[in-house]
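Colleague: Please find the sequence and the predicted model below.
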Amino acid sequence: MTAESEKPPVEQSPPAKPASRKKTHFNVAFYRDWCKACGLCMAFCPKKIILADKNGKPMVKEPDQCIGCRFCEMHCPDFAITVSERQPKRRKDDA
Amino acid sequence: MTAESEKPPVEQSPPAKPASRKKTHFNVAFYRDWCKACGLCMAFCPKKIILADKNGKPMVKEPDQCIGCRFCEMHCPDFAITVSERQPKRRKDDA
Amino acid sequence: MPETPSKRQLLQGNEAIAHGALAAGCRFFAGYPITPASEISEQLATLMPRFGGTFIQMEDEIASMGAIIGASLAGVKAMTATSGPGFSLIQENLGYACAAEVPCVVVNVMRGGPSTGLPTSPAQGDVQMARWGTHGDHPIIVLAVSTVSDCFTTTIKAFNLSEQFRVPVIILSDEIVAHTRECVELPAPEEVYIINRIRPNVPPEWYKPYEGDSRGIPAMASFGDGYRHHITGLVHDDHGFPTENPGEILNFHQRLTQKITRGFPEIMMTRSYRLEDAEVAIIAYGSVARSAMRAVEEARQQGIRAGLLQLITLFPFPRSHVTPVLKHCRAVLVPEMNMGQISREVQRVNQSFCAVVKHNRVDGQVITPDELSTRLIKL
Amino acid sequence: MPETPSKRQLLQGNEAIAHGALAAGCRFFAGYPITPASEISEQLATLMPRFGGTFIQMEDEIASMGAIIGASLAGVKAMTATSGPGFSLIQENLGYACAAEVPCVVVNVMRGGPSTGLPTSPAQGDVQMARWGTHGDHPIIVLAVSTVSDCFTTTIKAFNLSEQFRVPVIILSDEIVAHTRECVELPAPEEVYIINRIRPNVPPEWYKPYEGDSRGIPAMASFGDGYRHHITGLVHDDHGFPTENPGEILNFHQRLTQKITRGFPEIMMTRSYRLEDAEVAIIAYGSVARSAMRAVEEARQQGIRAGLLQLITLFPFPRSHVTPVLKHCRAVLVPEMNMGQISREVQRVNQSFCAVVKHNRVDGQVITPDELSTRLIKL
Amino acid sequence: MKKNQASRYEIRFSGSGGQGLITAAVIFAEAVGVYDCQFVCQTQSYGPEARGGRSKAEVVISDAPIDYPKARRLDLLLAMNQAACDAYFRDLSPGGLLVVDATLVEQYPTSRIVAIPFTTIAKEELGREMVANMVALGAVGVLSGHVHAASLEKALLARVPIGTEELNQKALQRGMTEAAKVQLDTLPRSIFNDDEV
Amino acid sequence: MKKNQASRYEIRFSGSGGQGLITAAVIFAEAVGVYDCQFVCQTQSYGPEARGGRSKAEVVISDAPIDYPKARRLDLLLAMNQAACDAYFRDLSPGGLLVVDATLVEQYPTSRIVAIPFTTIAKEELGREMVANMVALGAVGVLSGHVHAASLEKALLARVPIGTEELNQKALQRGMTEAAKVQLDTLPRSIFNDDEV
Amino acid sequence: MSVSAQTIRHEYLRHNKKFPHVWCPGCGNGIVMAALLRAIYRMELSKDEVVLTSGIGCSGRMPTYLDFNTLHSTHGRALTFATGVKLANPALNVVVVMGDGDATAIGGNHFIHAARRNLNLTAIIINNSIYGMTGGQYSPTTPFGAQSTTSIYGHIEHAFSIAELAVTAGASFVARSTVYHAQLLDKLIEQAMHKQGFAVVEVISNCHVQYGRRNQLGGAVDMLKSYKENSVTVARAAQLTPEELEGKTTIGVLADRQLPVSTEEYEKIRLRAEQSGGKL
Amino acid sequence: MSVSAQTIRHEYLRHNKKFPHVWCPGCGNGIVMAALLRAIYRMELSKDEVVLTSGIGCSGRMPTYLDFNTLHSTHGRALTFATGVKLANPALNVVVVMGDGDATAIGGNHFIHAARRNLNLTAIIINNSIYGMTGGQYSPTTPFGAQSTTSIYGHIEHAFSIAELAVTAGASFVARSTVYHAQLLDKLIEQAMHKQGFAVVEVISNCHVQYGRRNQLGGAVDMLKSYKENSVTVARAAQLTPEELEGKTTIGVLADRQLPVSTEEYEKIRLRAEQSGGKL
Ligand SMILES: Cc1ncc(C[n+]2csc(CCOP(=O)(O)OP(=O)(O)O)c2C)c(N)n1
Ligand SMILES: Cc1ncc(C[n+]2csc(CCOP(=O)(O)OP(=O)(O)O)c2C)c(N)n1
Ligand code: SF4
Ligand code: SF4
Ligand code: SF4
Ligand code: SF4
Ligand code: SF4
Ligand code: SF4
Ligand SMILES: [Mg+2]
Ligand SMILES: [Mg+2]
């Protein structure tokens, strides 16, 4: 049981936007009212950036580390996680 | 559909008593009260010796031709046929 | 489109039920063969596709009942037909149809019971069962047929009541009616009086699938026509969602009961024969009513003022039709091809008005006019 | 062999039924889980093998019912337990047990119906169904339990009646009784009064599996003990072979009915509480009888001469116990957690003796003593 | 709408399973009911299908709606074998007519009888034993006097399998012709009378 | 065998699913019924299992057979969270005692109350939050005055999983000790009286 | 070593039943019955230790005629009754005869579960591709395109392979024969009865009356002839391509494996339960 | 192209239902529900044309929450209701969600028959190896030896392979995934819904509350981890020996074949029937 591995879980497809030169950033939002603190998101985030707060509910430690794999979102049994690409604050034509 | 073939139907095992030197003879008895004249015995007797009487019920034409394969007996759906070895009229030690 | 079968035909009772269903607009039939009901399946296997409808033979009666519920929810009038053993099996899903208010018609061509019983003999042993066969209090309508033309018209009536009240309707036939051939005038489609379920007339956002109208009957949307809603066999609120709230549970039960109670005048059907001046009467249904009619005739010939109340509706029990007979007659004979099932209802509503006499036959034979007129004479 | 459980134990009603079954000699249980009956299965899954018996969880309730019939035919006392939906499903095979006279016990822990209904709420909606759930006229015995110790003793009684009369016995429990814990003194095995089926005492050649004794009950051989015989759900003659002969059919039905009729004194069980001088009475069963007893007490405290007839046997309806109450009281209240099911029977046997008043609750809540005493006072 | 038994005419077709008696009865009923527009009820005893045994089918004809659908006192009994003849002739009303297949029935229980070798006719004249029932149907039609020949023919054509119309029609005709030879009024009344039975 | 309500003592254990309140009530009932040989009825509200939500369990104790098995007027209400406290305190009889988990209940609806931090005790002193129910059970046992301590202990040992006996026993003892500190007679009567409710 | 029909008549047919039996002339059911009796004879079983169970259907009539402990159950439920009998008295030899509809239409669930559970029962399924008793409606084994009273426009569903279903569901022993191969049949039945665990013998049988006639397959004789011609043994089948196997019936033993049997496993449970005693 | 949970919440969850749903924390049912919704979103189906049917069980609660035409039927019978819906209105896209008990215990017969009949339905079976809703009794997929509330001495029956049963019974499309493989899962569901004919997706799912806990498999996290470690794709499985496959779960598409579909075949029947007219 090597849940410690850093690479994304094998079967999952690569991040939503594959390797662009500029690192894409993601928002990971929790809908805390629906979260039941099951721990799945925390256990399987390949970057291990989701931690439990004192109620056992998730919070993101280092948001910038998120690779947008959406594993957490797809495995939250309670629709309590939304991963979205962070809106670039920069010029529109930069992308 | 070559029901005419003379050899016993393939899947059936050889006659009850295999090739002894003296030809064994058989009695083929019909229990006519139970016979429903379905025709199976007549159709499949490898020696074609079972014929229909005027009511469609079976009778044996040439009893001595019977090879005792018991196909008729085993396929009569009405337990109406008994094939038995004909009791030798000869000395006991002749067999 | 098939040619209109508007003509006089010699039909078996079972065939007439099939034709009645088609005339009523039934376009889905699911069944599983069983004597003496199989001809209904066989007829509809042949006729349904000609009318653009669907026939399916399912793996068992449970499945047949499930399938007709599904079809009805998708907006198509649906029926199944079986006999005792199958009727036992459909009960769980029949209860679902009662609870979720899914219109559908179930024909039970009764044969001798209990269990496998007497597959080819007539009987009327499933009468109380038709009322009480599934668990929990539930609304239901039970009709009985006695002639081939009854089979045709009562089947139409059954569909109409089912659609109107959103309740399963049971048709009880028996082996005699089922296999007797008589002539029926099949009407042209436009001559048939049809009631269809009420569709919602509010926008989908406002639709509450279980909100009763003034009579307690909710408008019914079909799956696929834009009114997305939820159907369940759990006790539910007006939105169709499960509830454990006592008030909502009570509402659920009360509406189910009351929609039937309010419909009594339309639902309760009987036929009176020579009752005007009757001193003794027979209360009968199904094929026994035919023997009873003859017996009344013969008793009259012997100077006895006899009459017949034939029940078409067995449940809800037509108390308001029966009571006057009990009040006006000296004695009432209740002949049945069972050990006494409708006679219990007659006894229940009989407030010491008159003598209620049972006459029961369970030997697989029909009740003859002779035996009834003999009893009438002695009443 | 397991240690004798001869001691005081705190048990749920469901557990007490399991213990009662074991005490009665039940050594085969087949079931399918369902709320609120599952604890019976779970208890017996644990206990049966300790008693050398067999527990099996079947693929559904139909199969469970089939399996207990098979086990009983092989000579082992057998039981299944379910709730409404499963009770609907077992009906076909239950009818088989009635027809083939196979002793067995079926527990129905009632929950709210109809259909999936209210799985975790108490109700008494399956009372008429217990009598009429399967097709065809059939004999059956229906008992109701109201306390945990009832669960134990009535289960033993159910097995005894079943064995004695060769008839399936239904135990109706409800969610309240099922999950209430009370203390029960479990007797030592030798203290339990047990009735076993009568075995044939003639040589096998003479054995007629369906020839009744003086009371109409045939001796019963088990498969494998030398009395080769035939069992069928078709109507059969004394030899157990299918018959279409009217005389034999009639015999079949008459014996089935009469063996129960003749057993009335043993079968019909009720409990009277303060009825001696009662002017108003409650007729109740199951957990409602407990509220009724309290209500009687409270009405008495208010000076009302109230009493209670608690029905343990629901069917055959204990008419001979009920009639005196109807005759001696001014009014009778029949409270039920359904829309009025036993009240129909009370009305049926009430020949205008007194007022029969229904009190019904179908909102998933228990009937409380308060509501009953209020009604009693106003009667 | 008083009815009395007098208006009823009751026929039973009897024989063994496989002789096509139900078919004959159905065609008869259809002729009477659909084409002649009388009231008619056709019933049969119903057994495990397709497994032989005794077979009977009844037709009740009336000028008023029919209450009790089964035959009570036969006006005409067709018996296509001895067993059926023996079993049912007692159900004949006094004055009822017994019609038997002379090929298969040897002992006649009454003298008010018409015996025609239906099976022989079918086998030898028409070449198909199978249509003995249609020969009998033709005869019964004529002997009953309760159906129009044309109606019987129409009903027959509507019910028999495609391709067999001609054969069946011929059989029907043959039966009619044969029956036409019978002089019913010359037959004695039944030898058994009402209260003997 | 007249009964009156006076002989009944009614307790409700309430809180949220997973707090083990049914277990506590069952042990209580077993102590009272099996070891103290009183009449006892234990019931609970029964919901879809294992999926949380509110939970309640009742024990009715009596010196005569118990007819109505549910609590009607509570003599003691244990509320292990605020929701349960709010929902049920009105079912207390006048003079009934409210026992709350001070860890989780913040607002007290009556002043006839005993507040003990069961959860804190369990978590911090015993190291397992899980046994808060047993701490509460010990307290309820003492405060009810309707069960012998020894019986409670026996019942507890017979019901808890093998290997956890010691921990649970310690929890029970802790609850008893804590309750023993309470001087019930110093508590006010309930602030709501009979006819107000 | 072959037992004669006369012995069978004397030994196994019920003397108080009316013969000939009810089945139509030439019906395969009689051939299966005879094969079963030959197998039982060879196994030298006492009649008292044999329980023969059936459901409802033409095949369901078989127990009525045979002098064993016989049980004519409800339609589709024979295996559930048999399960109770066997578990209640594992010493009994329980044989269950079913029709194709009985076993795989209404009774399909009990069939796959009996196989999964691997109870020590012998199931003989007489597959005549039709509901015989009720008058020729299509069954789960009626072939695509076939005529029946409920598929007069041609059947539009696919047929189950009963034997394959049994294998997948977990039966210990699965075999197939036709009524033409009567001698093979009795051997397979014997093997099945010897087998510890759930054993299935599917028998392809002729209902010429309700099925053959309607599908231009002729009478009993014609149908048996076609079984003769269109059957291949398991060994032979292994050498044929799927195309060559098209339309052929594979006969012989299709599966025979050693799996834990529930009657035996339950004995172990009893031991464990006794040992566990008190607390659980 | 991946749809966000937020979109799903807004688009498909019923606004008048109470959330969070009733399932236990970490229950696989929620993961399956999300995967189903992603598939439907990608297929761009109108909500009005989707019918979601279920039976009774924890999984049976799914339809309650979703804004389609939803049908919570009786235990084990979802496929029969769905059959009626689909035949009555073939334009509807009918998805049937069932539990392992629902689909293969009480509902086993309907399951194999739906497969045989090859009606155009999508069946999603959430296999958590236990009866979750009723409190943890063994189901037809509970492994030999496992603990449950009705097998405290260890289970003595064998488990069905749901997917294999579907293949043998005749389903057009059969696939398997676990809830760990959520993305594979939504792809398989999408494929299944596109497929003409009966399509089955078996999902291995965690009921840690009633099954995992009792069998030392830990909580939701542990169970998902074990799914991750013990699953092999169909392609990989083909390269492994039976021994190596022991204890592994094969995931991916197990069968995908073209067979006549009964809704389409029935259309042909209607034509034939019209043509046949008068005499039959
Ligand atoms: C619950 C129930 N449904 C239907 C029937 C009617 N029924 C009797 S036998 C049968 C089918 C028989 O077919 P099969 O099992 O293939 O046996 P066969 O007659 O072909 O030997 C049916 C549908 C019944 N007896 N019980
Ligand atoms: C006829 C009937 N029998 C039994 C039940 C009780 N019951 C409800 S859900 C269920 C089993 C649930 O198991 P499964 O289908 O695997 O679903 P899960 O809860 O595991 O998702 C049972 C036995 C019922 N509702 N109806
Ligand atoms: S999307 Fe979720 S699982 Fe993936 S890296 Fe970001 S936080 Fe972790
Ligand atoms: S997976 Fe969802 S429910 Fe579980 S802890 Fe994370 S956010 Fe909460
Ligand atoms: S096989 Fe039997 S029943 Fe058929 S014709 Fe020959 S003897 Fe008669
Ligand atoms: S045993 Fe029968 S089949 Fe064989 S040759 Fe003799 S008569 Fe013919
Ligand atoms: S109908 Fe078919 S299966 Fe039944 S007895 Fe006749 S031939 Fe045999
Ligand atoms: S009991 Fe099991 S299946 Fe049901 S919601 Fe909880 S974890 Fe899920
Ligand atoms: Mg068949
Ligand atoms: Mg499950």
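Modeller: On my side now, so go ahead. Numbering: from 1, shown residues only, chains lettered A, B, ... in the order given. Ligands and ions are numbered 1, 2, ... in the order given.
Colleague: Retrieve the pLDDT associated with residue 88.
Modeller: Chain wasn't specified; assuming chain A. Note for residue A:88: predicted pLDDT of 69.
Colleague: wrong one, chain G
Modeller: pLDDT at residue G:88 comes out at 98.
Colleague: Now do the contacts for it.
Modeller: Listed by C-beta atoms under 8 Å, 6 or more residues apart in numbering or on different chains, the contact set of residue G:88 reads D:27, D:28, D:54, D:70, D:71, D:72, D:74, D:75, D:76, D:78. Every C-beta, even on glycine, is put in place using the N, C-alpha and C of the backbone.
Colleague: Now stretch E:151-162: buried residues?
Modeller: E:151, E:152, E:153, E:154, E:155, E:156, E:158, E:159, E:160 (16 or more other C-beta atoms under 10 Å in any protein chain shown).
Colleague: can you tell me which two in those residues are farthest apart?
Modeller: Spanning the widest gap among the buried residues of stretch E:151-162 are E:151 and E:160, at 15.1 Å by C-beta to C-beta.
Colleague: and the buried residues of stretch E:151-162 as a markdown table, adding secondary structure and distance to ligand 4?
Modeller: Listed next are the buried residues of stretch E:151-162 as a markdown table, based on DSSP: H, G, I helix; E, B strand; the rest coil; distance: C-beta to the nearest ligand atom, whole Å:
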| residue | secondary structure | distance to ligand 4 |
| --- | --- | --- |
| E:151 | helix | 80 |
| E:152 | helix | 81 |
| E:153 | helix | 81 |
| E:154 | helix | 77 |
| E:155 | helix | 75 |
| E:156 | helix | 77 |
| E:158 | helix | 72 |
| E:159 | helix | 71 |
| E:160 | coil | 73 |
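Colleague: ok, so of the residues you listed, who is nearest ligand 1?
Modeller: residue E:159 (26.9 Å; C-beta to the nearest ligand atom).
Colleague: Go ahead and confirm the closest one touches residue E:27.
Modeller: Yes. Using C-beta atoms under 8 Å, residue E:159 makes contact with residue E:27 at a distance of 5.3 Å.
Colleague: I'd like to know if stretch C:216-223 reaches chain D anywhere along the stretch.
Modeller: No. In terms of C-beta under 8 Å from any C-beta of the partner chain, no part of stretch C:216-223 sits within range of chain D; the closest distance is 15.0 Å.
Colleague: Can you tell me which helices and strands the strand or helix carrying residue E:120 packs against?
Modeller: For residue E:120, the host element (DSSP states H and E) is helix E:118-120. If you count contacts as 3 or more C-beta pairs under 8 Å, 6 or more residues apart in numbering or on different chains; DSSP states H and E, helix E:118-120 packs onto helix E:132-144.
Colleague: helices and strands around the helix it packs on, which ones?
Modeller: By 3+ C-beta pairs under 8 Å, 6+ apart, helix E:132-144 packs against strand E:9-16, helix E:21-30, strand E:74-79, strand E:92-101, strand E:113-116, helix E:118-120, helix E:149-159, helix E:165-180.
Colleague: Serialize these to TSV and add fields for mean pLDDT.
Modeller: Converted to TSV, those look like this (pLDDT from 0 to 100):
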stretch	mean pLDDT
strand E:9-16	95
helix E:21-30	96
strand E:74-79	97
strand E:92-101	94
strand E:113-116	96
helix E:118-120	96
helix E:149-159	95
helix E:165-180	96
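Colleague: For these, could you give me CSV that also reports distance to ligand 6?
Modeller: Output for these, formatted as CSV (distance: least, C-beta to the nearest ligand atom, whole Å):
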stretch, distance to ligand 6
strand E:9-16, 30
helix E:21-30, 37
strand E:74-79, 39
strand E:92-101, 36
strand E:113-116, 42
helix E:118-120, 32
helix E:149-159, 43
helix E:165-180, 38
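Colleague: Of the ones you listed, which is nearest ligand 1?
Modeller: Per C-beta to the nearest ligand atom, nearest to ligand 1 of the helices and strands packed on helix E:132-144: helix E:21-30, 21.0 Å.
Colleague: nearest to ligand 2, of the helices and strands packed on helix E:132-144?
Modeller: helix E:21-30 (42.1 Å).
Colleague: Show the average pLDDT along the next helix or strand after the closest one.
Modeller: Note on helix E:21-30: by DSSP H and E, the next helix or strand toward the C-terminus is strand E:39-44. In this model, strand E:39-44 has a mean pLDDT of 96.
Colleague: contact partners of strand E:39-44?
Modeller: C:10, C:176, C:179-183, E:22, E:25-26, E:28-29, E:32-33, E:55-66, E:69-70.
Colleague: Return the set of buried residues in the helix holding residue E:120.
Modeller: In helix E:118-120, counting by 16+ other C-beta under 10 Å, buried: E:118, E:119, E:120.
Colleague: For that helix, which outside residues touch it?
Modeller: E:80, E:101, E:102, E:103, E:104, E:129, E:132, E:133, E:135, E:136, E:139, E:175.
Colleague: Spatially, what comes nearest to residue G:188 if we skip its sequence neighbours?
Modeller: residue G:175 (4.2 Å; C-beta to C-beta, 6 or more residues apart in numbering or on different chains).
Colleague: was I right about that neighbour contacting residue G:204?
Modeller: No. Using C-beta under 8 Å, residue G:175 is not in contact with residue G:204; the gap is 11.8 Å.
Colleague: quick one on the thing from earlier: quick check, nearest of the buried residues of helix E:118-120 to ligand 5?
Modeller: Nearest to ligand 5 among the buried residues of helix E:118-120 is residue E:119, at 22.2 Å by C-beta to the nearest ligand atom.
Colleague: Now do the closest residue to the closest one other than its chain neighbours against residue E:121, distance only.
Modeller: Take residue E:119 and drop its neighbours on the chain: the residue closest to it by C-beta to C-beta, 6+ apart is residue E:103, 3.8 Å away. Between residue E:103 and residue E:121 the distance is 8 Å, computed by C-beta to C-beta, to the nearest Å.
Colleague: Direction included, what does the helix or strand that contains residue G:232 pair up with?
Modeller: Using DSSP H and E, the element containing residue G:232 is strand G:231-233. Using DSSP bridges, strand G:231-233 pairs in its sheet with strand G:249-256 (parallel).
Colleague: So which residues make contact with the partner strand?
Modeller: Looking at what lies outside strand G:249-256 - C-beta under 8 Å, 6+ apart - the contacts are G:163-164, G:166-167, G:171-178, G:181, G:184, G:188, G:191, G:195, G:204, G:227, G:230-235, G:237.
Colleague: With just CA atoms, put that strand into PDB.
Modeller: C-alpha atoms of strand G:249-256 as PDB (Å, rounded to 0.1, in the frame of the first residue of the first chain):
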ATOM      1  CA  THR G 249     -25.500 -29.500 -30.100                       C
ATOM      2  CA  THR G 250     -22.500 -30.400 -28.100                       C
ATOM      3  CA  ILE G 251     -23.200 -33.500 -25.900                       C
ATOM      4  CA  GLY G 252     -21.200 -35.000 -23.100                       C
ATOM      5  CA  VAL G 253     -19.600 -33.600 -20.000                       C
ATOM      6  CA  LEU G 254     -19.100 -29.900 -20.300                       C
ATOM      7  CA  ALA G 255     -17.800 -29.200 -16.800                       C
ATOM      8  CA  ASP G 256     -16.700 -31.300 -13.900                       C
END
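Colleague: Go through it and flag the buried ones.
Modeller: Quick answer for strand G:249-256 (16+ other C-beta under 10 Å): G:249, G:250, G:251, G:252, G:253, G:254, G:255.
Colleague: repeat for stretch E:119-131
Modeller: E:119, E:120, E:121, E:122, E:123, E:126, E:129, E:130, E:131.
Colleague: Does the third one touch residue E:132 like I think?
Modeller: Yes. When contacts are counted by C-beta under 8 Å, residue E:121 is listed as touching residue E:132 (7.3 Å).
Colleague: quick check, residue C:356 in a strand?
Modeller: Yes. Counting by DSSP: H, G, I helix; E, B strand; the rest coil, residue C:356 is found in a strand.
Colleague: coming back round to it: which residues does the residue nearest to residue E:119 contact?
Modeller: E:117, E:118, E:119, E:120, E:132.
Colleague: Sweet, I'm off.
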